Every structure is written in C-alpha cells, then in structure tokens.
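**Student:** one predicted model, sequence on top.
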Amino acid sequence: MYRILRTVLMTLILWAAIPAAGLRAEEPLRDLVNALGTAKLSNMDEHIAALAKSGDPKIVPILEALGDGNLYVRKADGQVFLTHESGTALTLTDPLSGESVGEAPKSALSKIKVNNGVRRAVRAALGGLTLLSPDRNQRLKAAQSILQSPNADALPTIENALSAEKDAAIRTLLEQARATAILASDRPGDEKRQAVQTLKQNGGREALPILSAALGTADETLKPEIEAALASIEQTQALWAGGQNVWYGLSLGSVLLLAAIGLAITFGVMGIINMAHGEMVMLGAYTTFLVQEIVRTSFPGLFDWSLAIALPLAFLVTGAVGLAIERGVIRFLYGRPLETLLATWGISLILQQAVRSIFGPTNREVGNPSWMSGAFELGGLTITWNRLWIILFALTVFAGLLFLLKKTPMGLQMRAVTQNRRMASSMGIRTPVVDALTFALGSGIAGMAGVALSQIDNVSPNLGQGYIIDSFMVVVFGGVGNLWGTLVGAFSLGILNKFLEPYAGAVLGKILVLVLIILFIQKRPRGLFALKGRAVEA
Amino acid sequence: MTIRARVSGAFLAAALSTTAFHGAFAAEDTIKVGILHSLSGTMAISETTLKDAMLMLIDEQNKKGGLLGKKLEAVVVDPASDWPLFAEKARELISVDKVSAVFGCWTSVSRKSVLPVFEELNSILFYPVQYEGEESQRNVFYTGAAPNQQAIPAVDYLMENEEVERWVLAGTDYVYPRTTNKILEAYLISKGVKPEDIMINYTPFGHSDWQTIVSDVKKFGSAGKKTAVVSTINGDANVPFYKELANQGVKAEDIPVVAFSVGEEELAGLDTGPLVGHLAAWNYFQSVDNPANAEFIKTWKAYTKNDKRVTNDPMEAHYIGFNMWLKAVEKAGTTDTDAVLDAMVGISVPNLSGGYSTMMPNHHITKPVLIGEIQTDGQFETVWETPGLVVGDEWSDYLPDSKDLIADWRAPMSCGNFNVATGKCGGKGS
C-alpha cells in the first residue's frame, strides 16, 4: 500500500516538475524503454508495468505509440524509436526527448509486436497515467479505460483523481470505476455495500459483468445485495431491450424503404417489373466509391463531405442509366410483363458483369465519414450514428418524393399518364417523355439509396441482388402504386423481423416473415393499402 | 431458378468466349490443366482471384520450360456459383477438354457436387479452401486446412493467451460452419467449458443486418467472464458484420473475434482502423516474412499489373497443390491419373510460410497454423504459430461418428473411411 501511495505522490510531483525530474530520470527510463525492444509478447505486460511505475508523463506518448503499433526498434543497436510513415521510409523520433532524429529505411528497423493482451496492458497503464491530465478528452478516455480494467491497486489513484475532478461526465465514470475497484479490494463491507448501490444506480449493462464477477468472491452479507442489484439492472435492461428491438426494426425498415422506394415508382406507379432495380442501387454505391477515391487522393480535407457530393452524382448517373434503359429497351415492351421481366433481368446481369470487369470482383472500400461512425447511448439504448442518419435520410427521400408526385406539375403528369395513358395523351401530355422521366426518377432514387447502403453493406457487384427480393416484397406487401403503403410496409416488415429474430434466429426469422407475407397476400392480394376506384382497372 | 440459370448461362457464354481460352499453344503438344472457379455470381468475389493465381502459376511454369517437355495449357470454365453447373463443367473439362488435373471449387457444396464426376471419370481435383473435414476421396487432394489445422489451434490460442471462458460460435448457415461448430462445441466441452457458456448462432448467406446479433454478443459478453467470438461467417456477410462491430464499439481487447473465412482479400473492402486486434487463423498470411513469399507477392503484383492486389491463404494452397502435382507428374513420368495418384502421396514441396508441406496418405497436407491480428493497413500480423507442422486430420477425433475413422489411400488399404474399431473399410464409425 505504501508503495502505491508513493507512486501516486511521485506522479503528482512529476506533473508539477517535469523539466527537472525529466533530466534525472532520463537514463534508467531509457533502459526501460529500450527493454521493450527485446521483450517477448508473453512478458510485455511486466515491462509496461515497470514503465508505468516510473510515473513519468513522458512515457505516455511511448505507450500510445506501442499500442498503435508505431514503436520500432533499430536492428543495429537496439534503440527504440517512435515512428511515423513517410513514403517507404520511417521518420524516427527519440522517445524521451521527442526530437526528430531523421529517417531510416523500413528494413533497418523492426516493429515491436503487440497483441490484444499488450494493448489491454497499455490501456490500463495509460488510464492511470493520464487521469490527472489537464486535457478533458484525455481524462475522459483514461476514466473509460480504467473502468474497463478494474484493479484494486488503482483505487488510490482513482480517489485522488475524483477529489480533483470537476467534470460531471468524468466524475460519473470515476465513481463507477471507484466502486468497481472497491469491490475487487479488501475494503470493509460498508464501503462495498455503497459501491454496489453506486453501480446499481449509474451502471447499465456495463455494471453486469462487474457485479457478476464480484458475486463470486463476495461474503455472505453482501451476496443478497449484489443479487438484488443484478436483478434490478437486468429488469431495466429487459425493458430497454424492447425499445432496442423497435429501434433495430426501424433501422432495418429504413434500409428496406430506401431499397424499395425507387421500385415503388418503377414497379408501383409504372407497373414495370424491373429486375435491374438492384443494380441501380449498386451503381449508386460504386459512384460513392469513385467520389471517395477522388476525394481521398485529391482533396483529403473534404472526406466528411464525400457522401453529400456523391448523392447528386449518384442520382444523375443512375438516372441517366435508367433513362437509357427505358429509351433503349423498356419502351418497346410496355404491356408485356414477361418480356419486360426477362429483358430487365438480362440488363441486370450485363450491368453486374460490366461492373465486375471494370472494378474487379472484390469488395471496394467505402469509408464512413466521422459523423457516421460510432454510437451513442440514449438511456439503455445503443444508437449507432450511421443507422440514425440512414433513417433520417430514408424519411427525407420519402417526403421529397411524395412532394414531387403530389404537388408539382411533373408529378401530376406522371400520375395522369400512369392512371390513364390515352386520356393523358389527349390532354396534350407527351406520354413517352413522361414515361422516360418517371423511370429515370425511380432509377435515380435507387442510386441515392445506393449511397446510403454503401455505408452499411459490401460495395461489390452483388450488392443489388441482396435487395431486389426484399424490395419487391415491400412494394407488394404495402400495396402496389401507393407510396404510403411502401413506407408502412417497410417499417412493419423491419420491426416484425427484428422482434422475431431474438426468438427464432436470423434464418428462421426470415422464413417466418416470408410465410406471413404469403398468408397476408392470400387474404389481401392488393397489399396493405390497395388503390381503389377506376385507377385499379386502368 | 432454371430460367435464371439458363439466362445467366447464355450471357456468360457470350462474355466468356472472349476470355476463357488463354493458352494459345498448339493443341497436341500441351498438357491441359482445368480451372474450375466461379467467375460470376456470388462466389466470384473469392474465386476469380484463384483463377488468376492459377493462370499465373501455369504461366510461370511455362517460362521454366513446362512439364515433361510440353507446355501447360490452362482451360478456364465458369461454373457461375451454381452448384449443379459445377458438376456439368467438371464433366466438360474431363471428357471434352481431356484435362490432366483440375484445380477448383470453393464452397463445400460445390466440391460435393463434383465428387461423383471425378470418381466416375477418374480424374484429379485439387481443392484449395479450408473446409469442415469428414471426407477423404481417392481423386481429391485437399490443400486447404482441415478443422484441426485452423479452428482447433485458434480456440487453443484464445484459451491460453486470452483466457477466454465464454464462446460465441457464429456462422453462416451451411455445411462448413455447421460441421466446424459441431466439432468446436464437442472440443470445448471436452476442455471443460460449460454448455451455457457456448452460444451458437447462424445467419443466412449475405446477411446484412447484424444489429441484433452484435448486441446479443455484447450481452452474452457481459456475464463477467472473458468472451470471444469464433466466426465462420462466410463471404459477403463479413463486411456488414465487422462494420456493425466497429460501430457498436466492440473492441478486440474486450471481445476478440477470430475468423476462419476472413483473409486479406475480404479486408480489402473495409476500413480496418476500428478492427485492429481482431484475429484470423490461417496457414499463410501475406505479411509472412521470407524470400519465397516476397518473390510470390512480387510475381503476383506484376502478373495482375496492380500494386495493391493482395495474396491470401487459398492462393498459397493452390501454389502448394500445383507444385505437388508438377513433382508427382515428373516422378510418374506421365499425366496418367492412376500413376499420378500413386506418386502424389509423400511428395514434399516448399510452402510460402517458410517450410515444407507434404502430401499425406489421407490426401491432406501438413501445414503450420498461424494466428494473426488485423492491422490498420489491412494486413495480418502473426502473433502466434504452431511450433511445427500440423497434419490435416480428415475425420475429426471429437465427433462420435468419425473418431474411429482414418483414411489411407496407399495400397493395400486404399480406403477413405477405414474404421479402426471394426477393422473394415466403409461406413461411419460406432
């Protein structure tokens, strides 16, 4: 105990007097750092602990570099350096002075190997070292990592940090970390009891493993309390799980909606069985890939905007392809659904193989912009940013399309032509132009869906195939020719799927959904929202 | 489905006629080698690379003077990821094109569909992909890993080095993951893991919505015991799976995922930054540092004229299989199937991970097992490897049905499923 307190004290002193202490601690510290170069994966954690014990803030960047795989040892003399890549060579930085010491070819150095165990040790050590850092983000990270690797030895450090901490979010984390550490320590029962309460109040799912682990070692008086805390957390978690399922269902529904919404135009409104619809989605995704590729090589600063740039481009590209397909093939086949089906299926194969020949059969990397990465917690829900944006995007596209169809002259013409072609033609509407534009619009929207789907799925020539069946399912289920039906259909299928999945498993869940749809179509052949009136007969 | 297959067949025939027959040598003076890999459809993503690798190997061998004084000629066909078409195309290769050996197949179901053809027409197939075992056939050489050359060492690694006590076995719903998971489950239970600490989950091919499953994994992992995911998820489903893992913040330090079907090629479509530390078990990584591998990578990049192309484990399996076949043909002095089959057993050739691989009497080969962690550059770094070579075990010792079975294709036994308990050839054990 005395030793730990001393370490903490030393840490504090060192923070205050970096320059002076730095000079004195230089030599033994360098030996410790160089020792990393010869350490084996199996005893690396001892070396890291020894470094952490020195308490010198200078080792923070060294440990970070080690965790990131940027720490190299020079083969000639066993000196360890921080590095970063510059072309084929490595730029070396002295680990202690932080001064650049020139470049060296990669072959002259060898990387210090790290594995998950080493990364865990680094994370724990960094947590202890940066808990008092003046930078809020660093403290937050430290608090998180200390919470992930609870350790009774860290208790004094945590308490020390807690007494100095002002930030509420970090305090909560630290309090949890303290409670965790107390449960693992030999503190008296009262403190432990309090710790259980703290965890019960603050902790969500993260508290479960801590409490279950503590249950094993706890004495008899404490056990019922831990069990009660576990039960109460599990109960809240079960409640949240229902909400989480709804969220997953909404997000799956939004993906279905995006995939189906273009088809709701080409199949739903125009009545064309368009098997090449999935390929429009794929072309949209490849447009995103190309945009990102150009952004990455020429304007790396704009990467976060790449999706915004790709959206209109994808719309134009796939819209143009759609226009070409309609003018080149489909216009000769109106009123012959079987031929249309075969022709569009053929087009879909041609497009797939064309993309495969141009871009290769392997997946292409489409990166997530920073605002679409990661997740945040909302109560007991984990909400991933990319899903949230996709839901919002799907709804925006839907609203935009609805507006276009219902409130603009072009939409009026589209509806007129699809409802009664001859009458519309007599009224002076140029029906071939409207047909071509409607098909191009449907294709363009599929392309925009591709931009969004590139964020969660493979960008490969097969991308579209995975969505074509689902899209038809949604449009038919929702009611052909009704946009609202597509919306309601997509979300109800998504939610149904996600509620079945935990019980039936993904495979059976999907089958059950299909069976239910077949039964439903038997009962209501025109789907959820059937069109009524003369339009149906037209 | 038949309409679909026919239409796709017609289109592909047109597309292929321009690219298929590469070798432009005079017909009578060549030894023909069949390449049976899908160039279209869902499996094209993985198999096209193998076709290119084979063409490169044949090209290189021709530069060295061919085989038995003749040039080698590649015959490429496209079974279009369609399992019955695999059998048709195999028949075409053997009886119409008269190839001396075939290199091909990826999925187990495609291999199973061509087995009777190779048996009936007595030809040779080299199968380069890791598979579930439980098979040994006279006409097939398995150059990929059997479960004991990949799955079991990976689980051992996690148990020893990461002290994992709770296991999620997640796979795509077909024969390879199901059999592998059955073997792993039996193995884990034999190691004292409780059944409630094993969670098994299957998903359809091409599954793209992993939200529920990843959150289930997180929940399963929050029981206070170290948890790991053993993934036999195949093909396209991997990218959305890893993206979801990254987004939901499942870090390798907390819940590592070890995959058996994710190689350099699959990672090429991913931002690997958030995935650093997740594992894969293979018998070869592109990052393996030795002169033979450096040479192979250089030739591959030059052949494909693409500096970013990666190499992977099944390519190495073809490299080993092709060199073994060359040696066996030279040893037999003929490409006659029976003579080559006899000559194959015991052939030893260098592999790319710095040692030698030998063809065993059970038609499986010896390989080292490597465990690698994903790095930011999309490569794997070897963190552990078996001290020596591991012999492929075709009949798993952990399944009650197959633990008494062995395969030995040398005379006089010449049997793929010899039961040591009953002393008879044929049938499953006990």
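**Tutor:** Perfect, I can see it now.
**Student:** could you report the neighbour count for the one residue in chain A that gets nearest to chain B?
**Tutor:** Closest contact between chain A and chain B, by CB to the nearest CB, is at residue A:363 (2.5 Å). For the C-beta atoms, the positions are set from N, CA and C on the backbone; glycine is no exception. Residue A:363 is flanked by 26 other residues according to other CB atoms under 10 Å in any protein chain shown.
**Student:** and it, its phi and psi?
**Tutor:** Per-residue torsions, residue A:363: phi -60, psi 150 (degrees, to the nearest 10).
**Student:** please name the nearest non-neighbouring residue to it.
**Tutor:** residue B:269 (2.5 Å; CB to CB, 6 or more residues apart in numbering or on different chains).
**Student:** isn't that neighbour right up against residue A:360?
**Tutor:** No - using CB atoms under 8 Å, residue B:269 makes no contact with residue A:360, being 10.6 Å away.
**Student:** and the residue of chain A closest to chain B, what does it touch?
**Tutor:** By CB atoms under 8 Å, 6 or more residues apart in numbering or on different chains, residue A:363 lies in contact with A:458-460, B:45, B:236, B:239, B:266, B:268-270.
**Student:** which bits of the stretch 51-200 of chain A sit near chain B?
**Tutor:** Within the stretch 51-200 of chain A, the positions lying close to chain B (CB under 8 Å from any CB of the partner chain) are A:69, A:113, A:115-117, A:119-120, A:123, A:148.
**Student:** try it again at 10 Å.
**Tutor:** With CB under 10 Å from any CB of the partner chain as the criterion, the stretch 51-200 of chain A meets chain B at residues A:67-70, A:85, A:110-111, A:113-124, A:145, A:148-149.
**Student:** still on that earlier bit, got a pLDDT number for the residue nearest to residue A:363?
**Tutor:** Predicted confidence (pLDDT) for residue B:269: 75.
**Student:** check whether it really touches residue A:364, as I assumed.
**Tutor:** Yes - counting by CB atoms under 10 Å, residue B:269 does reach residue A:364; the two are 5.9 Å apart.
**Student:** for the residue nearest to residue A:363, pull up the helix or strand it's in.
**Tutor:** Using DSSP states H and E, residue B:269 falls within no helix or strand.
**Student:** who's in contact with it?
**Tutor:** Neighbouring residues of residue B:269 by CB atoms under 10 Å, 6 or more residues apart in numbering or on different chains: A:289, A:362-366, A:458-460, B:45, B:236, B:238-239, B:242, B:378.
**Student:** do residue B:29 as well
**Tutor:** Contact partners of residue B:29, counting by CB under 10 Å, 6+ apart, are B:66, B:69-71, B:73.
**Student:** closest to chain A among those?
**Tutor:** Distance to chain A across the contacts of residue B:29 (CB to the nearest CB) is lowest for residue B:73, with 23.7 Å.
**Student:** what pLDDT does the model give residue 105?
**Tutor:** I went with chain A, as the question did not name one. pLDDT for residue A:105: 84.
**Student:** let's do chain B instead
**Tutor:** Predicted confidence (pLDDT) for residue B:105: 95.
**Student:** list residues touching both of residue B:269 and residue A:364?
**Tutor:** Common neighbours of residue B:269 and residue A:364, using CB under 10 Å, 6+ apart, are A:289, A:458-460.
**Student:** host element of residue A:480?
**Tutor:** Counting by DSSP H and E, residue A:480 is part of no helix or strand.
**Student:** same question, residue A:190
**Tutor:** Using DSSP H and E, residue A:190 sits within helix A:189-202.
**Student:** in that helix, which residues are buried?
**Tutor:** Judged by neighbour count using 16 or more other CB atoms under 10 Å in any protein chain shown, the buried positions of helix A:189-202 are A:192, A:195-196, A:198-200.
**Student:** now flag whichever of those is closest to residue A:106.
**Tutor:** Nearest to residue A:106, judged by CB to CB, of the buried residues of helix A:189-202 is residue A:199 at 47.6 Å.
**Student:** the closest residue to that closest one other than its chain neighbours: neighbour count?
**Tutor:** If the residues on either side of it in the chain are set aside, residue A:199 comes closest to residue A:207, at 4.4 Å by CB to CB, 6+ apart. Neighbours of residue A:207 under the rule other CB under 10 Å: 23.
**Student:** surely residue A:207 touches residue A:176?
**Tutor:** Yes - counting by CB under 10 Å, residue A:207 does reach residue A:176; the two are 7.4 Å apart.
**Student:** shared neighbours, these two?
**Tutor:** Counting by CB under 10 Å, 6+ apart, the residues touching both residue A:207 and residue A:176 are A:198-199, A:201.
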